[in-house]
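Novice: Pasting the sequence and the predicted model now:
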Amino acid sequence: MHDTLENRQAIIDACIEMNATGLNQGTAGNISLRCGDGMLVTPSGIAYDQMKPEDIVYVSANGEYGQNQVPSSEWRFHLASYETRPDANAVVHNHAINATCVSILNRPIPAIHYMVAVAGGYDIPVVDYATYGTQELSDLVAGGLKDRAAILLRHHGMIATGETLAKAMWLANEVEALAKMYLNLLQVTDTPPLLSHDQIDTVLEKIKGYGLREKA
């Protein structure tokens, strides 16, 4: 992707959408787009509805950015996400209520529903806790995303990646819906029935190319 006005505005629009749909609150979340060897990422501490395209920060692959700009405190794990997942061109991070609650329980979202497979495996894993903005958290994110397109961050929130920003947003919404299902089930039983690995394998094969389709 390129550093264009359109791409910068798309990040702002997606941030506003996250809050409008309840997927995030305040400025807790952050979004980025791959841009050449680096990325475009939301700035730190600016309300989404006050952001302008020029506020979006370009961060190089080496973690360098403009002297008068401050990227999101989570820029490290955004870069780590792109390094780990060459298929990803967008990264969405938020503190969605249900996904965050599951992360606090330190549980992956298991195969309660076949849609778990849209993240690329048998569950939506949760990585261990580390202070936000640290290299330690970045390393944990890189490990979690090696074989999943979406993960939970313990006592923190979620990350969803995608080939496009629209697909990353779609996946983030799917993870939040699965988290809500799981929390509802936990009110009935601590061990809800799950789909088997063989059943999820069938889904993983069937859903190749499944998901949000964007018009050319």
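Specialist: In hand now; what should we look at?
Novice: Surely Leu33 is in a helix?
Specialist: No. Applying DSSP: H, G, I helix; E, B strand; the rest coil, one finds Leu33 to be strand, outside a helix.
Novice: Just the pLDDT for it.
Specialist: Looking at Leu33, its pLDDT is 98.
Novice: Excluding sequence neighbours, find me the nearest residue to it.
Specialist: In this structure, Leu33 finds its nearest non-sequential neighbour in Leu40, 4.8 Å apart by C-beta to C-beta, 6 or more residues apart in numbering. Every residue, glycine included, has its C-beta placed from N, CA and C.
Novice: Ile46 too?
Specialist: Counting by C-beta to C-beta, 6+ apart, Asp55 is the residue found nearest to Ile46 once chain neighbours are left out, at 5.7 Å.
Novice: so who does that neighbour touch?
Specialist: Residues near Asp55 by C-beta atoms under 8 Å, 6 or more residues apart in numbering: 43, 46, 69.
Novice: Could you rerun that using 10 Å?
Specialist: 8, 11-12, 42-43, 46, 69-70 (C-beta atoms under 10 Å, 6 or more residues apart in numbering).
Novice: Filter the residues you listed down to the ones in helices?
Specialist: Residues of these located in helices (DSSP state H): 8, 11-12.
Novice: Show the buried residues in those residues.
Specialist: Among these, the ones that count as buried by 16 or more other C-beta atoms under 10 Å are 8, 11-12.
Novice: Make TSV out of the contacts of Asp55 and add pLDDT and distance to Gly22.
Specialist: TSV is the format used below for the contacts of Asp55 (pLDDT from 0 to 100; distance: C-beta to C-beta, whole Å):
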residue	pLDDT	distance to Gly22
Arg8	97	24
Ile11	98	19
Ile12	98	18
Thr42	98	18
Pro43	97	23
Ile46	94	21
Gln69	93	29
Val70	95	27
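Novice: For the longest helix belonging to the chain, buried residues please.
Specialist: Counting by DSSP H, the longest helix found in the chain is helix 165-186. Across helix 165-186, burial judged by 16+ other C-beta under 10 Å covers 165-176, 178-183, 185-186.
Novice: which stretches of this protein form strands?
Specialist: For the chain, strands defined by DSSP state E occupy the ranges 30-35, 38-41, 57-59, 90-94, 126-127, 150-153, 157-162.
Novice: packing partners for the first one?
Specialist: When you say that, I think you mean strand 30-35. If you count contacts as 3 or more C-beta pairs under 10 Å, 6 or more residues apart in numbering; DSSP states H and E, strand 30-35 packs onto helix 5-20, strand 38-41, strand 57-59, helix 75-84, strand 90-94, strand 157-162, helix 165-186.
Novice: That one: partners in the sheet, and parallel or antiparallel?
Specialist: Sheet partners assigned to strand 30-35 using DSSP bridges are listed as strand 38-41 (antiparallel), strand 90-94 (antiparallel).
Novice: gap between that strand and the chain center?
Specialist: On the basis of C-alpha atoms, centre = their mean, to the nearest Å, strand 30-35 sits 11 Å off its chain's mean C-alpha point.
Novice: That one to strand 157-162, inter-axis angle?
Specialist: With axes from the mean of the first three to the mean of the last three C-alpha atoms, to 10 degrees as the basis, strand 30-35 and strand 157-162 are set at 30 degrees to each other.
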